[in-house]
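Novice: task: produce atomic coordinates for the following.
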Amino acid sequence: IALYRVAQEALANAARHAGARTVRVALQRDAEHLRLVVEDDGAGIPDAALPGDRTHGLAGMRERIRVLGGTLAIGRGAGGRGTVVDARVPRPV
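Specialist: Got it, this is the predicted structure:
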C-alpha cells in the first residue's frame, strides 16, 4: 500500500504541478527489494523542494518509505527535465 500511495502522490504532482504530458511508472522486484520509479516529462521539481520535505506530499512519501526501512530519491529527470521519484523498500517475506 505504501508504494501505491507514493505512486498516487507522484502522479497527482505530475498532473497538478508539472504540466506533464507523459508519465512512466515502473515496478520492479528482485530477491531483496521492491522498487517503484515514476518519471514525468513536466516542468521538473523546484530547487527549493529537492533537499527537504517542504510539502506535505513529499514528506508523506518519505515517511511511508522510511517506516518500511526503504529509501526514497526525488530528483530531476534526464537533461534536467521532468521529475523522477525512485522508491525502494525491502521485499516482504
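
Novice: mind listing residues that contact the lowest-mean-pLDDT helix or strand in the chain?
Specialist: Here the helix or strand of the chain ranked lowest by mean pLDDT, DSSP states H and E is helix 56-67, holding a mean of 91. Under the criterion CB atoms under 8 Å, 6 or more residues apart in numbering, residues 2, 5-6, 9-10, 12-13, 49, 53, 71-72, 74, 85, 87-89 lie in contact with helix 56-67. In short, each C-beta sits where N, CA and C put it, glycine included.

Novice: which positions in that helix come out as buried?
Specialist: Neighbour-count burial for helix 56-67, counted by 16 or more other CB atoms under 10 Å, picks out 57, 58, 61, 62, 64, 65.

Novice: re the thing from before, ok, of the contacts of helix 56-67, which one's closest to residue 22?
Specialist: Proximity of the contacts of helix 56-67 to residue 22 (CB to CB) peaks at residue 10, which lies at 13.4 Å.

Novice: wasn't that closest one part of a helix?
Specialist: Yes. Residue 10: assigned to a helix according to DSSP: H, G, I helix; E, B strand; the rest coil.

Novice: nearest spatial neighbour of it, chain-adjacent residues omitted?
Specialist: residue 38 (3.9 Å; CB to CB, 6 or more residues apart in numbering).

Novice: equivalent analysis for residue 2, please.
Specialist: That would be residue 64: by CB to CB, 6+ apart, it lies 4.2 Å from residue 2.
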